[in-house]
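Undergrad: could you look at this predicted model? Sequence included:
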Amino acid sequence: MNEIESRIPVTIVTGYLGSGKTTFLNHILKNTEEKAAVIVNEFGDIGIDDQLIEQTNEEIIEINSGCICCNVRKDLIDTLSMLSFSKKESMVEYDRVIIETTGLADPAPVVQTFLMDKDMIEDYVIDSVCTLVDAQHISRHLDHQGEALSQIAFADTVLVNKIDLVDHDQLEHLTKRLERINPTASLYLCRNSQISLDKVLDTYSFDLQEKISINPDFLNEDHHHHEDEVSSLSIREDKPLSLKKLNLWFSFLVQIEGERLYRYKGVLNIEGEEKRYVFQGVHMLFAGEAGSDWGKSSRQSELVFIGKNLDKDRLTEQFRKCVAE
Ligand SMILES: Nc1nc2c(ncn2[C@@H]2O[C@H](COP(=O)(O)OP(=O)(O)OP(=O)(O)O)[C@@H](O)[C@H]2O)c(=O)[nH]1
């Protein structure tokens with residue numbers, strides 16, 4: 001059993017208020033044989049969502065003491081520790097954890113919980129971050145609400161929901177806008193959050209080790225759109241890179257720009273290394289490790305940043321300086 005299989009997969013469901021998260025959760029619970037432990041976070045003191053979830057055979061735990069992304073990260077860790085303990089001790093059985101965040105949550109701290117806490121890293125692996133989008137209202141939210149942008153920036157899977165409420169042109173305009181914000185995510189159109197579950201479960205689309213190479217389409221971005229503060233930058237480089245220079249640059253970069261670097265990931269060609277170097281990060285937190293062998297495939301570095309007000313020319317220039325001499 002490899003490391004990923006031995007850990008508990010986590011699906012993080014996010015999306016702005018009313019976008020269809022609970023509908024999506026119900027869709028998953030109704031259509032999978034798996035047993036899920038569901039963590040629902042609501043903003044107010046009184047939880048409503050647990051009453052809206054059509055209970056089948058899952059455990060539902062509510063965290064109501066605040067927004068999961070702000071003051072209740074400790075509650076989240078406590079809940080997850082309790083869940084993994086009770087699973088190990090065979091007190092409860094479940095195959096995955098699904099977390100539904102509040103519509104106002106910035107998913108970054110939730111994601112970080114799984115990347116920085118030692119026990120969480122041992123017990124859990126993020127399968128995917130699914131962001132629901134209300135096709136009718138999202139444009140307005142994107143114009144004014146930072147959380148809506150960051151929810152899209154963090155997703156590896158974007159479900160454009162409520163497509164019955166918009167016409168073809170609106171939908172086309174919206175999908176282009178979403179692709180500019182996050183060109184690395186898989187984007188699906190749906191109604192009533194209905195989507196084939198193989199598109200959203202066990203995809204390990206958050207984990208670069210599973211995917212290993214970045215979709216080349218990421219790099220076909222049109223660099224001339226600037227309507228959103230949050231955008232992406234993709235860089236490709238054929239020459240081998242110096243790991244030492246990269247590490248120094250990244251340490252510098254996350255200190256200086258970490259706040260606005262929402263998400264970055266790369267598969268890199270390091271000088272003298274037989275294996276790909278895979279790294280990813282969320283704001284100031286980043287981690288890199290050796291991936292699979294290059295073998296006979298052409299060695300090429302691919303790197304994607306998603307962030308706010310990115311200085312694309314400067315980032316590209318700094319990255320090129322990491323080429324090995
Ligand atoms: N017309 C239409 N309505 C939908 C669709 N999907 C969900 N809804 C409705 O939209 C409303 C909000 O859906 P929820 O699933 O509760 O959304 P949510 O994201 O969980 O909402 P919050 O938890 O309040 O943020 C409900 O009345 C749903 O029935 C859709 O594709 N089309």
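TA: Ah, there it is. Numbering: from 1, shown residues only.
Undergrad: what residues does the stretch 1-150 of the chain have near the ligand?
TA: G15, L17, G18, S19, G20, K21, T22, T23, D49, G103, L132 (CB under 6 Å from any ligand atom). All C-beta spots, glycine's among them, are computed from the backbone N, C-alpha and C.
Undergrad: checking the residue of the stretch 101-250 of the chain found nearest the ligand next. Helix, strand or coil?
TA: Taking CB to the nearest ligand atom, the ligand has its nearest neighbour within the stretch 101-250 of the chain at G103, 3.2 Å off. The three-state label given to G103 by DSSP: H, G, I helix; E, B strand; the rest coil is coil.
Undergrad: tally of neighbours for it?
TA: Residues within reach of G103, counting by other CB atoms under 10 Å, total 22.
Undergrad: which residues are in contact with it?
TA: Contact partners of G103, counting by CB atoms under 8 Å, 6 or more residues apart in numbering, are G15, Y16, L17, G18, S19, K21, E147.
Undergrad: and the residues of the stretch 1-150 of the chain next to the ligand, which are buried?
TA: Neighbour counting with 16 or more other CB atoms under 10 Å marks G15, G18, S19, G20, K21, T22, T23, D49, G103, L132 as buried within these.
Undergrad: you'd agree the second one is in a strand?
TA: Spelled out, it's G18. No - under three-state DSSP, G18 falls outside any strand and is assigned coil.
Undergrad: returning to that earlier point: quick check, pLDDT for the residue of the stretch 101-250 of the chain closest to the ligand.
TA: With respect to pLDDT, G103 scores 72.
Undergrad: got it, and E93?
TA: pLDDT at E93 comes out at 85.
Undergrad: ranking helices and strands of this structure by mean pLDDT, which lands last?
TA: Lowest on mean pLDDT, DSSP states H and E among the helices and strands of the chain sits helix 49-52, with a mean of 49.
Undergrad: what about S292, helix or strand, and which?
TA: S292 is located in strand 285-293, with elements delineated by DSSP states H and E.
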